[in-house]
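1. What follows is a predicted structure for the sequence shown.
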Amino acid sequence: MKFKRFYYKKIKSTNDKAIVHLNKGDTKGIILAEFQTKGKGQRGNRWISFKGNLFMSVFFDIENKLNLNKITRINCLILQKSLQKFTDYKVEIKKPNDILIKRKKIGGILQETVFKNKKKFLVVGIGVNLIKSPKIKNYPTNFFNFYTKKNVTKLQIFKLLCSSYEKKIDKFK
């Protein structure tokens, strides 16, 4: 099942833009941004968005009765398996939603649920520190291309994630 793709040079947040699209009537899509000024992290934290890193969101409808822990696990596995294709290092999931290599955070997801016209929608924000990582006190970070033989582009990862979501959408039904 194909997702409509949206591309933006600069936005506040890919998740916020996904919600705008939902409110306009789009029921599923994938957003890619070159830069976001107010990226979201978990527990209301900010996602530090360095230009050149990957910022995207996927949105689609889901069953009301789906367990949030199961959904989180599926989304983390999609990101983990996609990144694993580009590196020989073990890509790991740190619960609930961080992606690590060698115990250093390289990315993560942020999920939000939205109700529209009696339907439940999931917005999955995906951030990958591709070429630069922030310095976070007491939380080791790194960037993904540090662990690859050849530099991976955000477009390569984006295309793989698009394909993965299109193939695995039934897991959310």
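-> Yes, it's here.
2. Flag the shaky bits of the protein, pLDDT-wise.
-> Within the chain, the stretches with pLDDT under 70 are 40-47, 173.
3. in terms of contact count, name the helices or strands touching the biggest helix by length in it.
-> Longest helix of the chain, by residue count under DSSP state H: helix 68-84. Contacts defined by 3 or more Cβ pairs under 8 Å, 6 or more residues apart in numbering; DSSP states H and E place helix 68-84 against strand 91-94, strand 98-101, strand 104-116, strand 119-128, helix 154-168. In this view, the C-beta of every residue, glycine as well, is placed from N, C-alpha and C.
4. In CSV: those, plus mean neighbour count and distance to residue 140.
-> Listed next are these as CSV, based on neighbours: other Cβ atoms under 10 Å; distance: least, Cβ to Cβ, whole Å:
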stretch, mean neighbour count, distance to residue 140
strand 91-94, 16, 11
strand 98-101, 20, 9
strand 104-116, 18, 4
strand 119-128, 22, 16
helix 154-168, 16, 22
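5. quick one: which of these is nearest residue 11?
-> Closest of the helices and strands packed on helix 68-84 to residue 11 is strand 119-128, at 11.9 Å (criterion: Cβ to Cβ).
6. now the angle from that closest one to helix 68-84?
-> Taking axes from the mean of the first three to the mean of the last three Cα atoms, to 10 degrees, one finds strand 119-128 and helix 68-84 inclined to each other by 40 degrees.
7. Which strands border strand 119-128, and is each parallel or antiparallel?
-> Under the criterion DSSP bridges, strand 119-128 sits next to strand 54-62 (antiparallel), strand 104-116 (antiparallel) in its sheet.
8. Of all those, which one is nearest residue 162?
-> strand 54-62 (8.2 Å).
9. So for residue 124, what's the nearest residue that isn't a sequence neighbour?
-> Spatial nearest neighbour of residue 124, excluding adjacent residues (Cβ to Cβ, 6 or more residues apart in numbering): residue 58 at 4.7 Å.
10. Quick check, the one you found in contact with residue 5.
-> No - Residue 58 lies out of contact with residue 5 (Cβ atoms under 8 Å); the separation is 10.3 Å.
11. Name the residues linked to residue 30 by a beta bridge.
-> With DSSP bridges as the criterion, residue 30 is bridged to residue 5, residue 58.
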